[in-house]
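1. Starting from these lines, generate the structure:
(chains A and B)
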There are 2 protein chains.
Amino acid sequence: MNWLVIMAGGSGERFWPMSRRTKPKQLQPIVGKDSMIQQTVARLRPLFDPARIVVVTNRVQAPQVRRQLPGVKHVLAEPVGRNTAPCIGWAAEVIRRRDPGAVMAVVPADSWIGDVDRYRQVVRDALALAAEREVLITIGIKPTSPQTGYGYVRLGKRLNQRFFQAREFVEKPDMATARRYVKSGEYRWNAGMFVWSAATITAAFQQHQPAMAAQLAQIKDARSLARIYPKLEKISVDYAIMEPADNVVVANGDFPWDDVGDWPAIERHFAKDAAGNVARGAFMGVDAQGCVVVSDAGHFVGLIGVTDLVVVHTADATLVCRKQDAQRVKELVVKLGAEPRFAQLL
Amino acid sequence: MNWLVIMAGGSGERFWPMSRRTKPKQLQPIVGKDSMIQQTVARLRPLFDPARIVVVTNRVQAPQVRRQLPGVKHVLAEPVGRNTAPCIGWAAEVIRRRDPGAVMAVVPADSWIGDVDRYRQVVRDALALAAEREVLITIGIKPTSPQTGYGYVRLGKRLNQRFFQAREFVEKPDMATARRYVKSGEYRWNAGMFVWSAATITAAFQQHQPAMAAQLAQIKDARSLARIYPKLEKISVDYAIMEPADNVVVANGDFPWDDVGDWPAIERHFAKDAAGNVARGAFMGVDAQGCVVVSDAGHFVGLIGVTDLVVVHTADATLVCRKQDAQRVKELVVKLGAEPRFAQLL
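-> Model (predicted):
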């Protein structure tokens, strides 16, 4: 049977103040009306029975995940975050024990996808391939611009219309390298979306991460989870499995995709006014240009004379930062965390 | 008897979004804990019986003025704003009819004063002089910096320790001229604070504004007020009376004074943090410098990477503007006024 694993353990700090510890980015409607995770489920619902959807999250987010996804029964709560390899390995264990012949798709909870029909077809084809062959499939997104914030996968031999062998995974490049990657046509964005059979990924863990595979096999109940999980190595599935593996296949992800990584990213998903401002909520500008304004509950934001700012208003906190500093929202969140009087803002 | 007239008809648009039509700047705690008009009354209470305090405001603000100043019985509501000459002329009529021997001080509702004891002494001395002599006294503030936003009065002959004859009133100067004014020691800021007897100001209106004086004399009740007031010339008391008059005396205002004309002005009245930010309310900055933050009701404001911004948060609206654009808040208010959906924000 086909299973879906949704990775939803992120803290979403770059989307503060909308994103909070108990309700981070993936549980917020950053783009669209539903939360990112609700959109992720809706997008793939035609392919997966809700009884075979597994969400891996953490303890503080689990209640809100259950509330937002009432049809989803398998909500796994990590006792601590350990990056994507333990998360995926644990989900694979859980699924394999229930359904040894399972085929799994693994996706992040918080991406945006532009052409859902195309996306579903790519996942469908990958599920079919993974059911037939012992391959680890990564969905590689055809780059539309030289992004320096993404990892890339280099294509090897073309297998057919839809798939390539993977040649190598490469780190986030500098701009010149990114431009070369895009121009060459040989590279795809590594979007953290995978498809494989439970048997194949289990074998891959046993081969490339034997210690972790043994630890994961011992997780049987809440007690063993709490004992073992914190001891697992904090490592990404890319480093732990995909890079050393020689049976990696790249599915050609020829659909618009965006990881919506920070506030300025939402510019790509909403109409701009004549001055290049993007506003969600009641907004007016006087000589304001290129700003991103997000405001909830009818609260009005007025900007005068400012350029390239992010302004986000929520009930108890407002953020104003330069677009170029959008990644530094994390620094503000760390600073807030150091002051007990601001604890309720995290 | 000594009477106090408080001019409180301003719309306070430059302090939007805190200042609103029905509760503008003078009715808000822009600096300090009480509203500006409450501070104005408290400052002069030792000199004036509340029964002899007259507040001139407009119809939309009058209810809030009465609420904030429960001891003050005389709240005059202008049917329409007509600048300071009609406002003062009307108040003088009202006072003279009750107390023909009255001496009046006239002050704006929304100034800040740094040394209240000194200020009271200046007003006390002016009241004494005005009771003795037929002079129009303006309290001229000793300039501490070359302000281009204020009008100035040039000093003539020194009369005694406290008073000078006025030589001339001059308009808002350019920076070079303002510097020269300050350096010379011959100029005082025109702060819109006046002291005279009711008889002397009435005579001055009859001499310099005979038409207006005749119109004001006809205002007897609400009906005549509504009929006549809108026909009065819109003109300042400086133009209408002080400039043509030859019996003007300048009281030496040697106390700190500030008209608190826009949001950046509040910087002068609150402590700055290490990065030069002034914050009222919950605030944290990451590389934010020279900003002015005003936030109510515990709402948090976080700034990252921004310089010299004004950020003001209220329950239903937030303003973000460059300090240098603080006067342009009026433009935003005009734009808001043109959109019915934003009417509740005015």
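2. Spell out which residues of the stretch 101-250 of chain A are next to chain B.
-> Within the stretch 101-250 of chain A, no position is adjacent to chain B by Cβ under 8 Å from any Cβ of the partner chain. In short, each C-beta sits where N, CA and C put it, glycine included.
3. can you give me the helices in the stretch 101-250 of chain A?
-> In the stretch 101-250 of chain A, the helices defined using DSSP state H, counting those that start in this stretch lie at A:116-132, A:175-184, A:198-208, A:210-217, A:222-228, A:237.
4. In a markdown table: those, plus distance to A:Gly12.
-> Converted to a markdown table, these look like this (distance: least, Cβ to Cβ, whole Å):
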| stretch | distance to A:Gly12 |
| --- | --- |
| helix A:116-132 | 22 |
| helix A:175-184 | 25 |
| helix A:198-208 | 26 |
| helix A:210-217 | 26 |
| helix A:222-228 | 24 |
| helix A:237 | 20 |
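5. Spatially central, which residue of chain A would that be?
-> A:Pro108 (3.2 Å; Cα atoms, centre = their mean).
6. OK, contacts around that residue?
-> Residues counted as contacts of A:Pro108 (Cβ atoms under 8 Å, 6 or more residues apart in numbering or on different chains) are A:6-8, A:10, A:26, A:40, A:191-193, A:259.
7. Indicate each strand paired with the longest strand that chain A contains and its parallel or antiparallel sense.
-> Assignment by DSSP state E gives strand A:187-197 as the longest strand of chain A. Here strand A:187-197 is paired, per DSSP bridges, with strand A:103-108 (antiparallel), strand A:136-141 (antiparallel), strand A:152-158 (antiparallel).
8. Highest mean neighbour count out of the helices of the stretch 101-250 of chain A?
-> Highest mean neighbour count of these: helix A:237, a mean of 25 (counted as mean count of other Cβ atoms under 10 Å in any protein chain shown).
9. of the helices of the stretch 101-250 of chain A, which approaches B:Ala91 most closely?
-> Closest of the helices of the stretch 101-250 of chain A to B:Ala91 is helix A:175-184, at 68.9 Å (criterion: Cβ to Cβ).
10. and the angle for the closest one with strand A:152-158?
-> 30 degrees (axes from the mean of the first three to the mean of the last three Cα atoms, to 10 degrees).
11. could I have helix A:175-184 exported to PDB, CA atoms only?
-> Listed next in PDB are the C-alpha coordinates belonging to helix A:175-184 (Å, rounded to 0.1, in the frame of the first residue of the first chain):
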ATOM      1  CA  MET A 175      25.700  32.700  -7.100                       C
ATOM      2  CA  ALA A 176      28.100  32.100  -9.900                       C
ATOM      3  CA  THR A 177      27.900  28.300  -9.400                       C
ATOM      4  CA  ALA A 178      24.200  28.500  -9.100                       C
ATOM      5  CA  ARG A 179      24.000  30.300 -12.400                       C
ATOM      6  CA  ARG A 180      26.100  27.600 -14.000                       C
ATOM      7  CA  TYR A 181      23.900  24.900 -12.500                       C
ATOM      8  CA  VAL A 182      20.700  26.400 -13.900                       C
ATOM      9  CA  LYS A 183      22.300  27.100 -17.300                       C
ATOM     10  CA  SER A 184      23.600  23.600 -17.700                       C
END
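12. Right, I'll leave it there.
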